[in-house]
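J.: below is the sequence, then the predicted model.
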Amino acid sequence: MGSFLGHVYPGLGFMFIGLWHLFNTIRNYVTCPWDFRTRTWFPTRFKGRFLKYLELLGIIAGSCLSISLELFIMPAKHQPLAEDWSIPVVHLKNFEHSTISFFFILYATVAIYMETHKLHMAEGMLHVIAALVFSQELFIFHQHSTDHMGLEGHYHWLLQLIIMVGLLSIVLELQLPYSFVASMVRSVSILFQGLWLLHMAFMLWIPACIPEGCEMQHDWDLGHGAVFCLDEKATLRAKALANLQFSWYLAFLLMFTMGMYISMLRFYGENGIYKPVNGVDNKVFEMGEEQGGHSQSSMDLVIDHDEENLGIER
């Protein structure tokens with residue numbers, strides 16, 4: 001990070017992973033709600049030994065690219081160390097961002113290794129590792145060596161809120177492994193993190209998008225450019241706009257998620273919709289209610305029909 005591309009690449013990664021998780025979470029629930037379980041990653045349906053793990057391989061590849069950008073491509077000398085092999089102050093942020101990416105590599109590598117070698121993993125172990133990754137990401141951004149102030153600091157504070165929601169939802173999944181709501185919130189938070197990183201890239205690095213009364217200046221202490229507002233009034237206005245943008249993104253994600261849920265419920269969710277059993281529909285129950293005490297026998301009739309059908313299928 002610390003540049004336009006440094007926000008765009010991870011933003012795209014989080015966005016695609018969030019969309020993939022949201023799609024699979026909703027699909028798994030609407031197709032089989034009674035057998036739903038939360039997952040930290042989703043296999044693809046492509047044929048091939050490793051194509052199944054395309055999500056995890058993408059996380060590893062994207063994280064390696066991020067580390068390469070931070071430590072070898074973006075630094076002027078194409079390496080982040082000083083002549084005495086110490087870490088200069090201006091490159092501390094590069095090591096911090098690379099550490100975040102390294103934790104994602106650890107998570108994906110463990111998941112692939114345990115899956116390919118068919119090793120038994122205790123229930124919830126991957127959730128614990130994922131929670132550790134998000135905790136470390138939140139810790140790095142909260143204790144950043146680059147002391148984000150003003151508008152840039154406000155954008156990063158809002159980013160920490162998104163990460164915290166994702167972390168809390170993963171912890172909730174440990175306690176409620178069958179909770180569709182917790183899994184959906186976690187998926188939306190990953191998508192939101194990606195969108196917000198992309199938004200930060202444009203609002204903090206594209207001059208035409210920077211709020212009125214603020215401008216990009218190079219800060220030699222930070223080692224990169226940063227947005228500074230001319231006065232307190234301009235700062236307050238820029239922060240208020242950021243809050244509005246955050247709220248609009250949240251509203252968009254709410255509409256998008258509910259639209260996807262309703263669409264997939266119509267497309268996939270036939271198993272979750274009530275269907276009459278062998279032509280016995282609600283009229284049976286209505287007849288039972290009209291006859292007074294015979295409603296229970298009508299319900300038994302429906303249950304008996306269902307049990308007979310299950311017996312034949314078995």
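T.: That came in fine, so what should we check first? What you see is a predicted model; the values in this text were computed from it and never measured.

J.: okay, domains of the protein per the record?
T.: As recorded under automatic domain parsing, the domains making up the chain are 4-272, 282-313.

J.: by mean pLDDT, show me the worst of the ones you listed.
T.: With a mean of 42, domain 282-313 has the lowest mean pLDDT of the domains of the chain.

J.: can you give me the strands in the chain?
T.: Ranges of strands in the chain, per DSSP state E, are 214-219, 224-229.

J.: and the domains of the chain, which is most packed in?
T.: Of all the domains of the chain, domain 4-272 carries the top mean neighbour count, a mean of 17, counting by mean count of other Cβ atoms under 10 Å. (C-beta placed from N, C-alpha, C; glycine too.)

J.: what distance separates that one from the centre of its chain?
T.: Here the centre of domain 4-272 is set off from its chain's centre by 6 Å, with Cα atoms, centre = their mean, to the nearest Å.

J.: show me what contacts residue 141?
T.: 156, 159-160, 163 (Cβ atoms under 8 Å, 6 or more residues apart in numbering).

J.: same question for residue 106.
T.: By Cβ under 8 Å, 6+ apart, the contact set of residue 106 is 129, 133.

J.: what of residue 180?
T.: Taking Cβ under 8 Å, 6+ apart, we find residue 180 in contact with 25, 29, 33, 36.

J.: got those residues as TSV, with distance to residue 180 columns?
T.: Formatted as TSV, the contacts of residue 180 follow (distance: Cβ to Cβ, whole Å):
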residue	distance to residue 180
25	7
29	5
33	7
36	6
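
J.: ok, of those residues, which one's closest to residue 57?
T.: Checking the contacts of residue 180 against residue 57 by Cβ to Cβ gives residue 25 as the nearest, at 20.2 Å.

J.: quick one: the closest one and residue 184 touch, right?
T.: Yes: counting by Cβ atoms under 8 Å, residue 184 is a contact partner of residue 25 at 5.5 Å.

J.: what about the helices in the stretch 51-200 of the chain?
T.: For the stretch 51-200 of the chain, the helices defined by DSSP state H, counting those that start in this stretch occupy 54-68, 92-116, 125-142, 150-175, 180-205.

J.: between the ones you listed, which gets nearest to residue 17?
T.: helix 180-205 (5.7 Å).

J.: returning to that earlier point: can you lay out the contacts of residue 141 as a markdown table showing distance to residue 140?
T.: Converted to a markdown table, those look like this (distance: Cβ to Cβ, whole Å):
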| residue | distance to residue 140 |
| --- | --- |
| 156 | 11 |
| 159 | 11 |
| 160 | 10 |
| 163 | 10 |
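
J.: quick check: the farthest pair among those?
T.: Farthest-apart pair in these is 156 and 163; separation 10.3 Å (Cβ to Cβ).

J.: contact partners for the residue nearest to residue 235 when sequence neighbours are not counted?
T.: Spatially, and ignoring its direct neighbours in sequence, residue 235 is nearest to residue 229 (4.1 Å; Cβ to Cβ, 6 or more residues apart in numbering). Residue 229 makes contacts with 150-151, 211, 213-214, 235, 238, as judged by Cβ under 8 Å, 6+ apart.

J.: residue 206 versus residue 229, what's the distance?
T.: According to Cβ to Cβ, to the nearest Å, residue 229 and residue 206 sit 16 Å apart.

J.: same deal with residue 63?
T.: Relative to residue 206, and taking Cβ to Cβ, residue 63 is found at 25 Å.

J.: likewise for residue 235?
T.: As judged by Cβ to Cβ, residue 235 and residue 206 stand 19 Å apart.

J.: and residue 50, by the same measure?
T.: Per Cβ to Cβ, residue 50 is found 38 Å from residue 206.

J.: then residue 179?
T.: 39 Å.

J.: then residue 92?
T.: With the distance defined as Cβ to Cβ, residue 92 ends up 26 Å from residue 206.

J.: many thanks, have a good one.
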